[in-house]
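Trainee: pasting the sequence and the predicted coordinates here, then a few questions.
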Amino acid sequence: MSSSPLISVNLAVYNAASYLAATLESILVQTLENFECLIVDDGSTDGSRAILQRYVDRDPRLRLWCNPNQGVSKSRNQLLAASRGELIAIMDADDIALPHRFALQAAFLQSHPDHVCVGGAHDLIDHRGRYLTCLRLPETNGEIQSLALAGHGSICHPCAMVRRSALEAVGGYDVSLRSAHDLDLWLKLGEIGQLANLPDTLLQYRLLTNSVSGRNPRDQRAEARLACEAAWRRRGLEGRFEATQPWRPTGDRSSQHHFMLQYGWWAFNSHQQWTAAIYGGKEIGRAHV
């Protein structure tokens, strides 16, 4: 490509072979086609690399780097350094972007020059793609920043589009943070510009127990507190950390029971009776959902 694309899609991949094709297809069918898709395979051992290579061979907008495992924050910083687009669309390797995502977010940022980042509403799906609910987040800068300063995830990371200049200005991702690097990023970006969420549903977010946040929900909360404390110091605030409870199931039976019931109620209220029955009717510990 001789000219710079409007959008650089940054995709870090680690052992996502089961979902990777659906993720890549959702990127390639975007209604806004002026993008490059930069991919780091972070030492996958499950066949992800072969899937990625097939797509790279098929579409010149895709570029691939294959590394030994270095961690997601370092991978995302590598992608940022290689990006040529004015805007960075963040993706995870197991989620599905809806076709209008890039177009809606790019239009918003182009018409709101004081904003550095925009997310949006997103559907929650399970590991088999079953719909659970739609999660709508606060739309205004004040609401988003207030929640972030208390430790809450007020922007969905793989649903975010950020100005490349803003990402570079805050130094990219903090590589010392394994699972709260996204919250740390929103807090830093909120100090140099406005944040927003669109009311439109832009993404299908897959809830997986073996994701980084799913494997270490308590560690994620501890890191979130550190990110908030750093932001309070930078801003001269006396903050209060509220997000003390994991938002994913931990390894203990009571936590899994709680979250399986939550998924069941989400599905039930979304008129997904079969999915609700699966989650509500299985005995935790013997469930194979």
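Mentor: Done, it's in.

Trainee: and the nearest residue to residue 119 once chain neighbours are set aside, how far is that from residue 219?
Mentor: Distance criterion Cβ to Cβ, 6 or more residues apart in numbering; nearest residue to residue 119, sequence neighbours excluded, is residue 155 at 3.9 Å. The way it works is simple: take the backbone N, C-alpha and C, and place the C-beta from them, glycine included. Separation of residue 155 from residue 219 (Cβ to Cβ, to the nearest Å): 20 Å.

Trainee: what comes up buried for the biggest strand by length in the chain?
Mentor: Ranked by residue count, the top strand of the chain under DSSP state E comes out as strand 194-206. Buried residues in strand 194-206, counting neighbours by 16 or more other Cβ atoms under 10 Å, are found at 194, 195, 196, 197, 198, 201, 202, 203, 204, 205, 206.

Trainee: okay, and the beta partners of the last one?
Mentor: So that's residue 206. residue 125 (DSSP bridges).

Trainee: check the second one too.
Mentor: In this entry, residue 195 is beta-bridged to residue 117, by DSSP bridges.

Trainee: rewinding a little: only C-alpha atoms, please: export the longest strand of the chain in PDB.
Mentor: Extracted C-alpha coordinates of strand 194-206, given in PDB (Å, rounded to 0.1, in the frame of the first residue of the first chain):
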ATOM      1  CA  GLN A 194     -12.200  13.300  25.800                       C
ATOM      2  CA  LEU A 195     -13.500   9.800  25.900                       C
ATOM      3  CA  ALA A 196     -16.800   8.500  24.600                       C
ATOM      4  CA  ASN A 197     -18.900   5.400  23.900                       C
ATOM      5  CA  LEU A 198     -21.300   5.100  21.000                       C
ATOM      6  CA  PRO A 199     -24.900   3.800  21.700                       C
ATOM      7  CA  ASP A 200     -24.500   1.500  18.700                       C
ATOM      8  CA  THR A 201     -23.600  -2.200  19.200                       C
ATOM      9  CA  LEU A 202     -20.200  -2.600  17.600                       C
ATOM     10  CA  LEU A 203     -18.800  -5.900  18.700                       C
ATOM     11  CA  GLN A 204     -19.600  -9.400  20.000                       C
ATOM     12  CA  TYR A 205     -17.400  -9.900  23.000                       C
ATOM     13  CA  ARG A 206     -16.700 -13.500  23.900                       C
END
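
Trainee: report the distance from that strand to the chain centre.
Mentor: Between the centre of strand 194-206 and the centre of its chain there are 10 Å (Cα atoms, centre = their mean, to the nearest Å).

Trainee: what is it packed up against?
Mentor: strand 96-97, helix 101-111, strand 115-125, helix 141-149 (3 or more Cβ pairs under 8 Å, 6 or more residues apart in numbering; DSSP states H and E).

Trainee: residue 49: what's it in contact with?
Mentor: Taking Cβ atoms under 8 Å, 6 or more residues apart in numbering, we find residue 49 in contact with 41, 66.

Trainee: lowest-scoring secondary structure element of the chain by mean pLDDT?
Mentor: The helix or strand with the lowest mean pLDDT-type score in the chain, counting by mean pLDDT, DSSP states H and E, is helix 212-215 (a mean of 50).

Trainee: what pLDDT, on average, does the following helix or strand past that helix get?
Mentor: Counting by DSSP states H and E, the next helix or strand C-terminal to helix 212-215 is helix 217-235. Helix 217-235 carries an average pLDDT of 89.

Trainee: so residue 23 makes contact with residue 12?
Mentor: No - contact criterion Cβ atoms under 8 Å: residue 23 and residue 12 do not qualify, at 11.5 Å.

Trainee: can you pull the residues that touch both of these two?
Mentor: 92, 93.

Trainee: wouldn't residue 5 be in contact with residue 36 here?
Mentor: Yes - between residue 5 and residue 36 a contact is recorded at 4.6 Å, counting by Cβ under 8 Å.

Trainee: which residues of this protein score low on pLDDT?
Mentor: For the chain, applying pLDDT under 70 flags the ranges 1-2, 209-217, 245-258, 282-289.

Trainee: residue contacts, residue 279?
Mentor: By Cβ under 8 Å, 6+ apart, residue 279 lies in contact with 260, 261, 263, 264, 267, 289.

Trainee: can you give me the helices in the protein?
Mentor: All helices of the chain, identified by DSSP state H, fall at 20-28, 48-58, 72-82, 101-111, 141-149, 164-169, 181-189, 212-215, 217-235, 253-269, 273-281.
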